[in-house]
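S.K.: The sequence and its predicted three-dimensional model are supplied below.
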Amino acid sequence: MEGIVVKSTGSWYLVEDAEGKVHRGRLRGRFKLTLEDRRLSNPIAVGDRVTFVAETGGEETVAITDIAERDNYLIRKSVHRKGESHILAANLGQVLLVATLAMPRTSLGFIDRFLVSAEAYRIPAVIALNKADLFEPEDLELAQALQMLYKRLGYGFLITSAADGQQLEALRQVLDGKTTLLSGHSGVGKSSLVNTLVPGLDLRVGEISAFANKGTHTTTFAERHTLWAGTHIIDTPGIKELGLAEIEEAELSHFFPEMRALLNQCRYHNCRHVAEPGCAVRQAVDSGQIWPSRYESYRSMLAGDDNRR
């Protein structure tokens, strides 16, 4: 039988077949060893299309025997296993990064890091700048400037609020008919947004801790949910940091659309856009064509910094 992985707990998986029945499954021994050779902390991710067979022995479980080639996936460096990577989800129609300028504030560096990860696998990305009802006047001014910036770069951008319903109908239209990875820091309001759209889904909502204004984790494992017919989200645990994986230094600038537009315009073909003479990218920064925050994000990623907040 064939199905889609809808939840992963590390050693067990929930697989939904074509008729909507969910099976509890695990990897078959030899197949598991083959996958683990790839230096992944999770050889199978939510969204993967798999083949499985019923296990014998009285247990109502299945054994996963094969995984179909992925259309795409979003990956980051593993937080707990050095030298390994972790796949957040696979076979995505788009990714939705929920961020905020309220508590807990999302850094522009984190937003850019997430967008680069999506660009690397040609996954369309949308930003929802949430909790707009809590924005101070200067926050609202910045939010509108960011909306102009990221839309100009080709990304979807919504300024949302679950509390007062701002832009929720637009968000519904963004999600409609697609499988969307839902991501962001803990506490930015991912679950509240979805619960407001689909009250019966009842995703767990966490509190904001007083210590360091950080959100508390409510999602422990990635899980795929059906919002309505043909529309799914993959809810993921809140991300504290997003270490880039599978991206070489020489290709990093290719995943910044405004830098990609200047490809081959630098004096040197191997320009890193740091201190080389005749650099078209740095000239674009100086002239205001490229936002300084975007260039700083590039420099941070080039240096290998893990942007936590």
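M.R.: That came through fine.
S.K.: alpha carbons only for contacts and neighbour counts from here, please
M.R.: Will do.
S.K.: Show me the shaky parts of the stretch 201-309 of the chain.
M.R.: 204-220, 306-309 (pLDDT under 70).
S.K.: just so I have it, where are all the strands in it?
M.R.: 223-228, 231-235 (DSSP state E, counting those that start in this stretch).
S.K.: Repeat that for the stretch 1-150 of the chain.
M.R.: 2-8, 13-17, 22-27, 49-54, 61-67, 73-77, 85-90, 94-100, 125-130.
S.K.: Out of those, which gets nearest to residue 222?
M.R.: Proximity to residue 222, assessed across these by CA to CA, is greatest for strand 2-8 (5.9 Å).
S.K.: Which other helices and strands does that closest one contact?
M.R.: Judged by 3 or more CA pairs under 8 Å, 6 or more residues apart in numbering; DSSP states H and E, strand 2-8 is in contact with strand 13-17, strand 49-54, strand 223-228.
S.K.: quick check: mean pLDDT across it?
M.R.: Across strand 2-8, pLDDT averages out at 96.
S.K.: out of the strands of the stretch 201-309 of the chain, deepest packed?
M.R.: Among the strands of the stretch 201-309 of the chain, strand 231-235 has the highest mean neighbour count (mean count of other CA atoms under 10 Å), at a mean of 22.
S.K.: could you check the angle strand 223-228 makes with that one?
M.R.: 150 degrees (axes from the mean of the first three to the mean of the last three CA atoms, to 10 degrees).
S.K.: Return the list of helices and strands in contact with strand 231-235.
M.R.: Strand 231-235 makes packing contacts with strand 179-183, strand 223-228 when contacts are defined by 3+ CA pairs under 8 Å, 6+ apart.
S.K.: any idea where the helices of this structure begin and end?
M.R.: 29-36, 108-120, 137-152, 168-175, 190-197, 257-260, 280-286, 292-302 (DSSP state H).
S.K.: Tabulate the strands of the stretch 1-150 of the chain (TSV), appending mean neighbour count and distance to residue 298.
M.R.: As requested, the strands of the stretch 1-150 of the chain are exported to TSV (neighbours: other CA atoms under 10 Å; distance: least, CA to CA, whole Å):
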stretch	mean neighbour count	distance to residue 298
strand 2-8	22	32
strand 13-17	23	36
strand 22-27	20	39
strand 49-54	18	34
strand 61-67	19	34
strand 73-77	22	17
strand 85-90	23	21
strand 94-100	25	19
strand 125-130	24	18
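S.K.: distance between the ends of stretch 159-169?
M.R.: End-to-end span of stretch 159-169 (CA to CA, to the nearest Å): 12 Å.
S.K.: Distance to residue 261 added to the helices and strands packed on strand 2-8, as a markdown table?
M.R.: Shown next, in a markdown table, are those (distance: least, CA to CA, whole Å):
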| stretch | distance to residue 261 |
| --- | --- |
| strand 13-17 | 42 |
| strand 49-54 | 35 |
| strand 223-228 | 36 |
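S.K.: So for residue 268, which of those sits nearest?
M.R.: Here strand 49-54 is closest among the helices and strands packed on strand 2-8 (CA to CA), at 43.3 Å.
S.K.: which residues are in contact with the closest one?
M.R.: 1-5, 60-68, 70 (CA atoms under 8 Å, 6 or more residues apart in numbering).
S.K.: roughly how far apart are residue 48 and residue 10?
M.R.: 14 Å.
S.K.: Can you report how many residues lie near residue 182?
M.R.: 24 (other CA atoms under 10 Å).
S.K.: Buried ones in stretch 239-249, by neighbour count?
M.R.: 240-245 (16 or more other CA atoms under 10 Å).
S.K.: In JSON lines: the strands of the stretch 201-309 of the chain, plus distance to residue 265.
M.R.: Listed next are the strands of the stretch 201-309 of the chain as JSON lines, based on distance: least, CA to CA, whole Å:
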{"stretch": "strand 223-228", "distance to residue 265": "43"}
{"stretch": "strand 231-235", "distance to residue 265": "40"}
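S.K.: just so I know, which of those lies nearest residue 106?
M.R.: strand 231-235 (18.3 Å).
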